[in-house]
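Engineer: Sequence first, then the predicted structure, then my questions.
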Amino acid sequence: MPATSEIIRLAVRDFAHEQRLSWCYVLALTAVLAPLLILFGLKFGLVDTLARRLVESPSNREVIAVGSHRYDAAWFKRIAARPDVAFVIPNTRRIAASLSQLQNPASGAVLRAVQMVPTALHDPLLETTLTPPTGLNEIVLSASAAQRLGVTAGERLLARIDRNYSGRDEGVVWELTVSGVLQPEMLTEEAALVALDFLVATEDYRDGVAVPALGWAGAPAPTGERQFARFRLYAASINDVARLEADLTAEDIDVRSQLAEIAAMQALDRNLTRVFWLIAGIGTLGFLASLAANLLANVERKRRELSILRLIGFSTGSLMLFPVMQATLIALLGTTAAMLVYLPVTTTLNDWFILSLQPGEAICRLLPVHLGLALAITLFGAIAAASWAGWRAARIEPAESIRDV
């Protein structure tokens, strides 16, 4: 039998023979590693949950213009071409971007001063389940607006738009079909998502401009390129919000965003990472130092037995494997035991916080890659700790076995 295979077999047999001492090593590793797994699971689960909520909530990626400016088609084309922009669409003046009232003709329920929000394909508010309203006859309602009106997708509404034209108060009524209803968390206010063409038509009507497509009378449309007073803009990720806000501010555009909340989450992530690595470093170094000392003491206790192995022909390299193999066994068994402790604890913690969590979220969670990384680091640390004992084992002389004869 090759020397390497034989020394591994002997190391395993010796580990099993001194099982009380061996299990003390394993339990010591478990006592250090299990709390670290739970702590990192809390850190990862908490920060991942907060980050997911920030990312999945479109409002946290929205950059809102404060006040009105003049934005032409070239400006929108330039902004849309940026890789850090997920969605941008023109918006009209705030006073024009509203319906005087929305009425459900079936029930008579009425909503007044309903804010209109321009939308299009890839709008974050629509998620992936809703298609944007098209043309001049469709509308998507927020959940609160749909509830107040008592309508669902497919039902009809009557929209009224009022204006003061040539000193007279006028108004028109237009029929709209509800093409969808937003999830409640997407838009909390009572609002309606409409196609940009419809929003532009209502602005023109209020400005006294005729809208031939809807049969609304007024003055001829002015010539020249149309400019918009506002915009809707969403960053590609929460990490792009700061750069977008800075660039728009540099263009003398006053904007506001959820940058403070994003920065707070990122600071929490950094600080929790520092705390975790500080605790992990202290605990790991302490255990590895203890393991190295114990393995060295084990080699010293067995100098005579190991010298006999040298005497009968085992090489220096094979003797070094003796403590390394035992350290590997301690790492494997200790990591397995720590994971067995971690699993029921993380289940209990998630059950405690279940009322505060949304579907798919967890307060304590580790990915398979995290567990694999924990095993790899533990193995590397244990082998490194055993290298001192291995070096001492390799220096044992064959003559030591016959000095006591």
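Structural biologist: That came through, no problem. Residues are numbered from 1 along each chain as shown.
Engineer: quick one: W23 from M265, how far?
Structural biologist: 43 Å (C-beta to C-beta, to the nearest Å). Backbone N, C-alpha and C define where each C-beta goes, glycine included.
Engineer: Mind jotting down where the strands sit in the stretch 51-200 of the chain?
Structural biologist: 62-65, 85-91, 98-103, 110-119, 138-141, 156-165, 168-181, 191-195 (DSSP state E, counting those that start in this stretch).
Engineer: Mind putting those into a markdown table with mean pLDDT?
Structural biologist: Below are these laid out as a markdown table (pLDDT from 0 to 100):
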| stretch | mean pLDDT |
| --- | --- |
| strand 62-65 | 89 |
| strand 85-91 | 93 |
| strand 98-103 | 90 |
| strand 110-119 | 92 |
| strand 138-141 | 93 |
| strand 156-165 | 90 |
| strand 168-181 | 90 |
| strand 191-195 | 93 |
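Engineer: right, and the ones you listed - which one's nearest A331?
Structural biologist: Closest of the strands of the stretch 51-200 of the chain to A331 is strand 85-91, at 45.0 Å (criterion: C-beta to C-beta).
Engineer: Which elements pack onto the closest one?
Structural biologist: Helices and strands touching strand 85-91, as assessed by 3 or more C-beta pairs under 8 Å, 6 or more residues apart in numbering; DSSP states H and E, comprise helix 73-80, strand 110-119, helix 196-206, strand 230-235.
Engineer: can you redo those as a markdown table with distance to L379?
Structural biologist: Below are these laid out as a markdown table (distance: least, C-beta to C-beta, whole Å):
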| stretch | distance to L379 |
| --- | --- |
| helix 73-80 | 50 |
| strand 110-119 | 53 |
| helix 196-206 | 59 |
| strand 230-235 | 41 |
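Engineer: closest one to L33 among these?
Structural biologist: Short answer: strand 230-235, nearest of those by C-beta to C-beta, at 39.3 Å.
Engineer: Helix 196-206 and the closest one, what's the angle between them?
Structural biologist: With axes from the mean of the first three to the mean of the last three C-alpha atoms, to 10 degrees defining the directions, strand 230-235 sits at 160 degrees from helix 196-206.
Engineer: next one: strand 230-235 to chain centre, how far?
Structural biologist: Here the centre of mass of C-alpha atoms in strand 230-235, compared against the chain's by C-alpha atoms, centre = their mean, to the nearest Å, lies 22 Å away.
Engineer: And the next helix or strand past that strand?
Structural biologist: Scanning forward in sequence from strand 230-235 by DSSP states H and E, the next helix or strand is helix 241-250.
Engineer: Check which helices and strands the next helix or strand after that next one is in contact with.
Structural biologist: Next in sequence after helix 241-250, counting helices and strands by DSSP H and E, comes strand 255-256. Here strand 255-256 is seen to pack against strand 62-65, helix 241-250 when contacts are counted using 3+ C-beta pairs under 8 Å, 6+ apart.
Engineer: Would you mind saying which of those lies nearest Y71?
Structural biologist: The nearest among the helices and strands packed on strand 255-256, by C-beta to C-beta, is strand 62-65 at 8.7 Å.
Engineer: Run a quick neighbour tally on G67.
Structural biologist: Neighbours of G67 under the rule other C-beta atoms under 10 Å: 10.
Engineer: Give me the phi and psi for it.
Structural biologist: phi 90, psi -180 (degrees, to the nearest 10).
Engineer: pLDDT wise, what is the residue nearest to it when sequence neighbours are not counted at?
Structural biologist: In this structure, G67 finds its nearest non-sequential neighbour in D254, 5.8 Å apart by C-beta to C-beta, 6 or more residues apart in numbering. pLDDT, D254: 89.
Engineer: distance of D254 from D247?
Structural biologist: 13 Å.
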